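Asker: got a predicted model here, sequence first, then my questions.
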Amino acid sequence: MSTFSLIISSPDGDLYRGEAEKLILRGTEGELAVMAGHVPFVTAVKKGRCVVEDGMGSRKEGLIESGLLTVDREKTTVLTSAIHWTA
């Protein structure tokens, strides 16, 4: 599958920077998934589960604090105060 550029940042620096096949987290309207070619949008992120699949068989999962998700044609960015990776 196709990948997209993903950056997850906090005030302490980047928590994830690289290619991703899928990003799953909770927005204001419920759980959502972002994949390559997703329509551009901006939404608030609610505290909860965050999953990043990199397309190479690797998966990172954690608990993310609230924040902001921006999806555009060039990259996807998540701004949050913290994420606590569990896997």
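Answerer: Looks like it arrived, so ask away. Numbering: from 1, shown residues only.

Asker: what ranges do the helices span in this protein?
Answerer: According to DSSP state H, the chain carries no segments that qualify as helices.

Asker: spatially central residue for it, please.
Answerer: The C-alpha lying nearest the average C-alpha coordinate of the chain belongs to Leu23 (CA atoms, centre = their mean; 4.7 Å).

Asker: so that residue makes contact with Val51?
Answerer: Yes: because the distance of 7.3 Å satisfies CB atoms under 8 Å, Leu23 is recorded as touching Val51. (Each C-beta comes from the backbone N, C-alpha and C, glycine too.)

Asker: ok, and the closest non-adjacent residue to the residue nearest to the centre of the chain?
Answerer: Excluding its sequence neighbours, the residue lying closest to Leu23 (CB to CB, 6 or more residues apart in numbering) is Val34, at 4.4 Å.

Asker: residues touching the closest residue in space to Glu29 that isn't next to it in sequence, list them.
Answerer: Setting aside the residues directly before and after it, Glu29 is nearest to Thr43 in space (CB to CB, 6+ apart), at 7.5 Å. Under the criterion of CB atoms under 8 Å, 6 or more residues apart in numbering, the neighbours of Thr43 are Gly27, Thr28, Glu29, Leu32, Leu68, Leu69.

Asker: if you set the cut-off to 6 Å instead, what comes out?
Answerer: Thr43 is in contact with Gly27, Thr28, Leu69, counting by CB atoms under 6 Å, 6 or more residues apart in numbering.

Asker: got a pLDDT number for it?
Answerer: Residue-level confidence at Thr43 comes out at 96, pLDDT.
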